[in-house]
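[1] Provided below are the primary sequence and the corresponding predicted coordinates.
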Amino acid sequence: MPGGGRCPDCGSAELVEDSHYSQNQLVCSDCGCVVTEGVLTTTFSDEGNLREVTYSRSTGENEQVSRSQQRGLRRVRDLCRVLQLPPTFEDTAVAYYQQAHQLAGIRTARLQKKEVLAGCCVLITCRQRNWPLTMGTICTLLYADLDVFSGTYMQIVKLLGLDVPSLCLVDLVKTYCSSFKLFEASPSVPAKYVEDKEKMLSRTLQLVELADETWLVTGRHPLPVITAATFLAWQSLRPSDRLTCSLARFCKLANVDLPYPASSRLQELLAVLLRMAEQLAWLQVLKLDKRSVVKHIGDLLQHRHMLVRKAFRDGTAEVDAGEKEPQGQGQGQGLGDGDVGSSSLELPAGKRPASPALLLPPCMLKPPKRVCSIPPVSTVTGDEDISDSEIEQYLRTPQEIRDFQKAQAARQAAQSVPNPT
Amino acid sequence: MDRNDSLSPFDQYLASPQGSPGTPVFSPMMHYGTGLTPQPVQSTDSLFTLEEEQQQATVATGQLLKTSQQATQEASDQTPQLFESQPLTTAPALGTTPLYPSPMTPMTPMTPVTPMTPAMPASEIAELVPQLHNIVCTVNLGCKLDLKSIALHARNAEYNPKRFAAVIMRIREPRTTALLFSSGKMVCTGGKSEEQARLASRKYARIIQKLGFPAKFLDFKIQNMVGSCDVKFPIRLEALVLSHQQFASYEPELFPGLVYRMIKPRLVLLIFVSGKVVLTGAKVRSEIYEAFNNIYSILKGFRRTS
């Protein structure tokens, strides 16, 4: 029994050295409080109180680390905890932050950048472990601008030479869809709007896969596409009750922010579905439009692979002009960037089915905003004579100089006069 | 040549081993947008006419469409020859189709005219010539400049010392902008070709001379050239970044294009889903052409995956 020790809880001096399995413990025999565990204490005052000291406070590792770095590391750990990431992520993110801090460019950066750096390290860790975290989420947590974040992110990836895989779309769909508050009835969500999570998830995944296949995802922010797909999936599971609900209202119900591009993604997705519907015999007669096609999304998704192949010509397989389409499409007809409305290709004589539209990203299907004219061939050699008159047009005449000086003086005088109070 | 004959060897090249097993071979011709070549196609059987024209040593000035890109090995080897052996002054002519007959005729003996193999005609690859859009160059005028005096005596000058410590001067022909620093160094941007950049820099130097400074024209150097081109087919950027991870960086949340950092030549390329490619960081024109040839052969590999 160590001399002079008292139990901090009940104040008794009856301390017994006991061991729990192989670990030495000092236990108060009156209240049973474990006073110390193990034999590693380092500070005299702690030893006096018979309390254990945590490793990070006892080894002095923080004394070698600057205060800003300590703050940054604490921020990284807090972010990991807020996002409820698995514990191993925290260690990796901390390691990245420490690595980054070794670089001269980062050590001398502003505080704002260091704060954003904490978010970058967390994001890189999540991306490498296929945890779907978007930059928007991190920026909201950091109260940072996306521009500042993107600059720091690209810089740190380049400096550390890291290999960061792309955002995993499937995982993002699952996480994002689960965040929609539509799976239980509540005062704001009427019963007819409540949906089964598994059904909605699987249908959304199929729609996102369809969007990916038809060039709606490449080059675009992934989240608005998923929002549009979730909306369509939800609508199509009970179209009779839900067709009246708009995208904005849907997001409000589900307590999710509506990203701005989501409505245009929705229109694009509906256009793709409509073209697919034209290939199904029993839907051709129905003459669907953007609203009625929602009712048949289930059927369309069931046969989506075959329908996409039939509905669209391969836009990438640019076949030589020597081949002619067996359907007898008009020759020499500049399709321009390809017609989205394949109905415009229908020949007026007879009811020939519309020739398949091109499977291209929307930016290639829209007509160019401005005509890119080829610049005239310039025959400049670089060593031509420069005429004096040409140079003189850029020089002020003495009268102009006088006028300009007078105007400047007047302006100075006006500025220097104090404002009458 | 019978039309059927011209189609059959071509059909062989359509059967790509990379294609998904389910996709049938589509035959229709496709016209893509204006882009580099706004002229409408003259005939639909452009492969047929191309072979004809090759033999006649004239180049189709109409819109040439994508043939199958498989047989391009020899063609892509040809293109460096095309560009490097031509004198600099005719290089701009390559970017515009109407002038093809004149610079092209001395070149055609180099292109192997083999009617049996539907090789990519050199003219078609040459159509995909990157166009230069901007040249940044620097010149040392060799004397200290009084920026206040320049701003006073020149009409086309703008000087705001609190914002930036240089005079911004612009001329109309060639349409360029110059930054003049008090040390006598000048940066000139906006030229569309090396010669234009050089002429513009000389004009700025002449203006400074007329303003009374003993300006010279020392160390003219082109620092950066920016060009762009359109490969005319969509590109799966996600697949490209997976296969070229060490060079490519694609963050759709930040920027819609893929940033490709090529090692040889050392250039940065921005590749977009529409097939448009922007090349920047070159010091000489041949670097842009070389980089474009490299990226074109890489992008062809992603063409069949849809």
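    Received the coordinates, thanks. Residues are numbered from 1 along each chain as shown, chains lettered A, B, ... in the order given.
[2] now stretch A:199-219: mean pLDDT?
    When pLDDT is averaged over stretch A:199-219, the result is 94.
[3] for the longest strand along chain B, packing partners?
    If you go by DSSP state E, chain B has its longest strand at strand B:218-230. Helices and strands in packing contact with strand B:218-230 are listed as strand B:131-140, helix B:194-210, strand B:276-282, helix B:285-300; criterion 3 or more Cβ pairs under 8 Å, 6 or more residues apart in numbering or on different chains; DSSP states H and E. For every residue, glycine as well, the C-beta is placed using N, CA and C.
[4] got any ranges where the chain has weak pLDDT?
    No chain was given, so I picked chain A. In the prediction, chain A carries residues with pLDDT under 70 at positions A:1-4, A:22-23, A:36-61, A:314-355, A:374, A:418-421.
[5] I was after chain B.
    Within chain B, the ranges that satisfy pLDDT under 70 run B:1-127, B:304-306.
[6] residue boundaries of the helices in it?
    Under the criterion DSSP state H, helices of chain B are mapped to B:3-14, B:46-55, B:73-85, B:91-94, B:101-104, B:122-127, B:147-153, B:194-210, B:237-243, B:285-300.
[7] C-terminal to the helix or strand harbouring A:F231, what's the next element?
    Secondary structure assignment for A:F231, by DSSP states H and E: helix A:222-237. Stepping forward along the backbone from helix A:222-237, the first helix or strand reached (DSSP H and E) is helix A:239-242.
[8] Just the buried positions in that following helix, please.
    With burial defined by 16 or more other Cβ atoms under 10 Å in any protein chain shown, the residues of helix A:239-242 counted as buried are A:P239, A:R242.
[9] How far away from the center of its chain is it?
    With Cα atoms, centre = their mean, to the nearest Å as the basis, the distance from the averaged C-alpha position of helix A:239-242 to the chain average is 31 Å.
[10] ok, residues contacting the next helix or strand after that helix?
    Going down the chain from helix A:239-242, the next helix or strand is helix A:247-253, by DSSP H and E. Outside helix A:247-253, the residues within contact range by Cβ atoms under 8 Å, 6 or more residues apart in numbering or on different chains are A:181-182, A:188-189, A:193, A:227-228, A:231, A:234, A:245, A:257-258, A:262-263, A:266.
[11] Based on its surroundings, how many neighbours for the nearest residue to A:V194 once chain neighbours are set aside?
    In space, not counting the residues next to it along the chain, A:V194 is nearest to A:A185; the distance is 5.0 Å by Cβ to Cβ, 6 or more residues apart in numbering or on different chains. Residues near A:A185, counting by other Cβ atoms under 10 Å in any protein chain shown, number 12.
[12] ok so, going back, let me have the helices and strands packed on strand B:218-230 in TSV, extended by distance to chain A and mean neighbour count.
    What follows is the helices and strands packed on strand B:218-230, written out as TSV (distance: least, Cβ to the nearest Cβ, whole Å; neighbours: other Cβ atoms under 10 Å in any protein chain shown):
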stretch	distance to chain A	mean neighbour count
strand B:131-140	8	20
helix B:194-210	4	23
strand B:276-282	9	21
helix B:285-300	10	20
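[13] Dump those to CSV, plus distance to B:T177.
    Conversion of the helices and strands packed on strand B:218-230 to CSV gives the following (distance: least, Cβ to Cβ, whole Å):
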stretch, distance to B:T177
strand B:131-140, 10
helix B:194-210, 9
strand B:276-282, 18
helix B:285-300, 21
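[14] Would you confirm that A:K181 contacts A:E195?
    No. The pair A:K181 and A:E195 does not pass the contact test of Cβ atoms under 8 Å, sitting 10.9 Å apart.
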